[in-house]
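J.: Everything below, folded, please.
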Amino acid sequence: MGIFSRLKTLISSNVNDMINKAENPEKMLNQLIIDMNEQLIESKKAVAMAIADEKKLERETLNQQAQAQEWERKAMLAVRAGQDDLAKEALLRKQEYENNYVEYKKQWEAQKASVEKLKESLKELQNKIEEAQRKKNLLIARAKRAEAQQKIQNTISNVTGNKSAFEAFDRMAQKVDQLEAEADAAKELEDFSKDTNLEKRFAALEKSDASADLMLMELKEKMKALPDNSSN
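T.: Now for the predicted structure:
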């Protein structure tokens, strides 16, 4: 089980180091998946070696059992041949192989149980890596959104913090308002001047007509007072 402890330690070390830097979340996540897959390959190799050892122990266990059975067969053969001493030697050899068989079987069963645990852990690790790969794109998208939001927030903070720009903008708005007011006033004065000149012209005209009428009346009165020269 030590391979998975080493894997966990390595991944944890890489994650902590990359998270502390956190310069590029996408790069960090991609590299983390690469590290996981590399360690998965190494773990598979270790598990394969453990399986090979288990198979070797199994074969040797079965071999010891077969040898014990073979020496028992030989003992029986010796008994049938009336060679008890040879049968005893065969039985002693059978006992030796049976003892070996018991020891090998214990080791084989222990190795087999260990291999099963390794297989389960390896499968769990592979599932977690596959899950991490599925989540990677989502995490990258979330990181990009967070980065964009941070940039917007920084821009807002910078603009809000720069009061001089807003003050200058307000002053310019006031200046534009003043220019518009002055333009309206000038136009109003111009229109007023036009109206005044027009009134003066009509007043002069009216005055001119009144004077002409008065002079005409005076002339007619003067002519009435003169002697009638029509007979001349």
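J.: alpha carbons only for contacts and neighbour counts from here, please
T.: Noted.
J.: Helix, strand or coil: sort out the spatially most central residue of the chain for me.
T.: Closest to where the C-alpha atoms of the chain average out (CA atoms, centre = their mean) is residue 143, at 2.3 Å. Using DSSP: H, G, I helix; E, B strand; the rest coil, the structure places residue 143 in helix.
J.: Flag the shaky bits of this structure, pLDDT-wise.
T.: Within the chain, the segments meeting pLDDT under 70 span 1-23, 159-166, 190-198, 202, 204-212, 228-232.
J.: got the domain boundaries for it?
T.: 2-161, 165-225 (automatic domain parsing).
J.: ok, and which of those has the densest surroundings?
T.: Highest mean neighbour count among these (mean count of other CA atoms under 10 Å): domain 2-161, with a mean of 16.
J.: Can you give the distance from that domain to the centre of its chain?
T.: Domain 2-161 has its C-alpha centroid displaced from the chain centroid by 33 Å (CA atoms, centre = their mean, to the nearest Å).
J.: So that it lines up with my notes, have the first residue be 2 from now on.
T.: All right, first residue 2 from here; so that's domain 3-162.
J.: show me what contacts the residue nearest to the centre of the chain?
T.: Each residue near residue 144 by CA atoms under 8 Å, 6 or more residues apart in numbering is listed here: 26-27.
J.: 10 Å instead?
T.: The neighbourhood of residue 144, defined by CA atoms under 10 Å, 6 or more residues apart in numbering, consists of 25-27, 138, 150.
J.: Farthest-apart pair in those residues, please.
T.: The most widely separated members of the contacts of residue 144 are 138 and 150, with 18.2 Å between them, by CA to CA.
J.: Figure out the helix or strand that residue 120 lives in.
T.: helix 85-162 (DSSP states H and E).
J.: correction: residue 66
T.: Under the criterion of DSSP H and E, residue 66 resides in helix 26-81.
J.: now the angle from that helix to helix 85-162?
T.: With axes from the mean of the first three to the mean of the last three CA atoms, to 10 degrees as the basis, helix 26-81 and helix 85-162 are set at 170 degrees to each other.
J.: so what does helix 26-81 touch, helix or strand wise?
T.: Helix 26-81 is packed against helix 3-22, helix 85-162, with contacts defined by 3 or more CA pairs under 10 Å, 6 or more residues apart in numbering; DSSP states H and E.
J.: among the ones you listed, which is nearest residue 174?
T.: Residue 174 lies closest to helix 85-162 among those, at 18.2 Å (CA to CA).
J.: who touches stretch 50-63?
T.: 44-49, 64-69, 98-99, 101-117, 119-120.
J.: let's see 8 Å
T.: Here stretch 50-63 makes contact (CA under 8 Å, 6+ apart) with 101-103, 105-106, 108-109, 112-113, 116.
J.: can I get those in TSV with distance to residue 172?
T.: Formatted as TSV, the contacts of stretch 50-63 follow (distance: CA to CA, whole Å):
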residue	distance to residue 172
101	101
102	100
103	99
105	95
106	95
108	91
109	90
112	85
113	85
116	80
